[in-house]
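*Asks:* Predicted model and sequence follow; I will ask about them next.
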Amino acid sequence: MTIRLAITAGEPAGIGPDLCVDIAQRSLDVDVVVITDPAVLRDRAQTLGLPLTLHEFGSTDARSGNGHLTVCPVEVNHPVTAGELQTANGSFVVETLRIAAEGCTDGRWDGIVTAPVHKGVINDCGIAFSGHTEYFRDFCGVEEVVMMLATEDLRVALVTTHLPLKDVAAACTADRIKRVSRILNADLKHFFGIREPHILVAGLNPHAGEDGHLGREEIDTIIPALNELRAEGVNLTGPLPADTLFTPKYLQNADAALAMFHDQGLPVLKFHGFGRAANITLGMPIVRTSVDHGTALDLAGTGKADSGSLLTALRVGAQMAANRRKEIES
Ligand SMILES: NC(=O)c1ccc[n+]([C@@H]2O[C@H](COP(=O)([O-])OP(=O)(O)OC[C@H]3O[C@@H](n4cnc5c(N)ncnc54)[C@H](O)[C@@H]3O)[C@@H](O)[C@H]2O)c1
Ligand SMILES: N[C@H](C(=O)O)[C@H](O)COP(=O)(O)O
């Protein structure tokens, strides 16, 4: 089964183009199409001193790997210098995401792997944007998706994603906790072949609220939601105090941890496996994975960017796309 994945090269001044040039030097197990401006890739390859032959997507000699890259061309709005953001290119970046999603729905490719974007510059150019996760959720017209970051041996999913901390408690509603848990449970089965996933759920407050003395969200919202989910057959443990949830005693018998907010779960995951994790969006009709890091403007064009996470995202994306294809064909 040949799987084709589209890679969006992300913010052109960041390390996304460097990573695309780096993976083009390798022998790849999947068919890859990079969506970006070919001139950006050519310039970055030259800066890095790496060989690169580009082919337009759809041309007869199109291929990727061993010094070649297939490109779906989109022109930048402003010339690019590595490490220097240009507000005018914010809309270019979003256009590459739109093309990637469209190509998934019309069958040009089987999934999307995203290199990092700069959320600030996209907003500065006048487009409200809080992340790929929310962008693809809205593109697909689904109410809820789940952000999960995963290494070989740790998966961390989030109830809320890119929200100011002051808004988190109100966003952790029983409905959202139930929707997210159901998606996580279902997609751990579908995409990762786990027959009965065991999910550890963190509390929101220190020590999971200390019986209501350090916050009532566990008693009023989280525990009732988890009880309803258990009655549906979802195998959950929690709410556990987040500070000790990520210890071997709990993790050894679990398939995923569900954190209530971004910086409750992701620092643990990134401490454990930064550079070898994939960011996966669950709950969508299209397959999308991503890197575990940002634009690293300080490293663009230096040759110091590590492509480990992009390679992980490609491997996981290919596995998910293959499972999705089998499911559709059966
Ligand atoms: N997938 C994504 O699109 C994504 C993910 C995270 C952050 N971001 C965005 O990226 C921008 C910058 O974010 P940040 O500074 O918080 O995080 P960052 O990941 O860009 O940088 C954090 C640190 O990690 C280093 N680093 C990052 N990637 C690396 C790699 N591949 N190899 C070696 N070192 C690497 C950087 O040099 C820096 O020291 C923000 O706009 C943020 O929203 C995007
Ligand atoms: N939350 C992600 C991380 O910390 O790695 C990152 O911001 C990217 O999120 P999106 O995939 O939604 O852009």
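*Replies:* Everything's here; your move. Worth saying up front: this structure is predicted, and the values here are computed from it rather than measured. Ligands and ions are numbered 1, 2, ... in the order given.

*Asks:* count of neighbours near whatever residue of the stretch 51-200 of the chain ends up closest to ligand 1?
*Replies:* Closest approach between the stretch 51-200 of the chain and ligand 1, counting by CB to the nearest ligand atom: residue 116, at 3.7 Å. From N, CA and C alone the C-beta is placed, and that goes for glycine too. Using other CB atoms under 10 Å, residue 116 has 26 other residues around it.

*Asks:* Show me the strands in the chain, by range?
*Replies:* Listed in chain order, the strands found in the chain under DSSP state E are 4-8, 31-36, 53-56, 68-73, 111-114, 146-150, 155-158, 198-202, 235-240, 256-259, 278-282, 288-290.

*Asks:* Could you list the buried residues of the last one?
*Replies:* Translated: strand 288-290. When burial is assessed from 16 or more other CB atoms under 10 Å, strand 288-290 yields the following buried residues: 288, 289, 290.

*Asks:* Also the fourth one?
*Replies:* Judged by neighbour count using 16+ other CB under 10 Å, the buried positions of strand 68-73 are 68, 69, 70, 71, 72.

*Asks:* Columns distance to ligand 2 on top of those residues, output as JSON lines?
*Replies:* Listed next are these as JSON lines, based on distance: CB to the nearest ligand atom, whole Å:
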{"residue": "68", "distance to ligand 2": "27"}
{"residue": "69", "distance to ligand 2": "23"}
{"residue": "70", "distance to ligand 2": "23"}
{"residue": "71", "distance to ligand 2": "22"}
{"residue": "72", "distance to ligand 2": "20"}
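
*Asks:* In JSON lines: those, plus distance to residue 23 and pLDDT.
*Replies:* Compiled in JSON lines, the buried residues of strand 68-73 are given as follows (distance: CB to CB, whole Å; pLDDT from 0 to 100):
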{"residue": "68", "distance to residue 23": "11", "pLDDT": "97"}
{"residue": "69", "distance to residue 23": "8", "pLDDT": "98"}
{"residue": "70", "distance to residue 23": "12", "pLDDT": "98"}
{"residue": "71", "distance to residue 23": "13", "pLDDT": "98"}
{"residue": "72", "distance to residue 23": "16", "pLDDT": "98"}
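
*Asks:* For ligand 2, what's the nearest residue on this structure?
*Replies:* Per CB to the nearest ligand atom, the residue of the chain with the smallest distance to ligand 2 is residue 131, at 2.8 Å.

*Asks:* so what's residue 103 up against?
*Replies:* If a contact means CB atoms under 8 Å, 6 or more residues apart in numbering, then residue 103 has 6, 33, 35, 72, 109 as its contacts.

*Asks:* how many other residues sit next to the first one?
*Replies:* For residue 6, the number of neighbouring residues by other CB under 10 Å comes to 28.

*Asks:* hang on, isn't it packed against residue 114?
*Replies:* No. The pair residue 6 / residue 114 is not scored as a contact, 9.2 Å apart, by CB atoms under 8 Å.

*Asks:* joint contacts of the two?
*Replies:* What both residue 6 and residue 114 touch, as defined by CB under 8 Å, 6+ apart, is the set residue 100.

*Asks:* Count the neighbours of the closest residue to residue 64 other than its chain neighbours for me.
*Replies:* Spatial nearest neighbour of residue 64, excluding adjacent residues (CB to CB, 6 or more residues apart in numbering): residue 32 at 4.1 Å. For residue 32, the number of neighbouring residues by other CB under 10 Å comes to 25.

*Asks:* Surely residue 32 touches residue 68?
*Replies:* No. Assessed by CB under 8 Å, residue 32 is found out of contact with residue 68, at 9.9 Å.

*Asks:* For the residue nearest the centre of the chain, give me its contacts.
*Replies:* Computing the C-alpha centroid of the chain and ranking residues by CA atoms, centre = their mean puts residue 279 first, at 3.1 Å. With contacts defined as CB under 8 Å, 6+ apart, the neighbours of residue 279 are 147, 148, 149, 289, 290, 291, 292, 313.

*Asks:* need the contact list for the second one.
*Replies:* Translated: residue 148. Applying CB under 8 Å, 6+ apart, one finds that residue 148 lies in contact with 155, 156, 157, 158, 184, 256, 279, 280, 281, 282.

*Asks:* switch to 10 Å and redo it
*Replies:* Residue 148 sits next to 133, 155-158, 180, 183-184, 187-188, 191-192, 256-258, 265, 269, 278-283, 289 when contact means CB atoms under 10 Å, 6 or more residues apart in numbering.

*Asks:* Thank you kindly, that will do.
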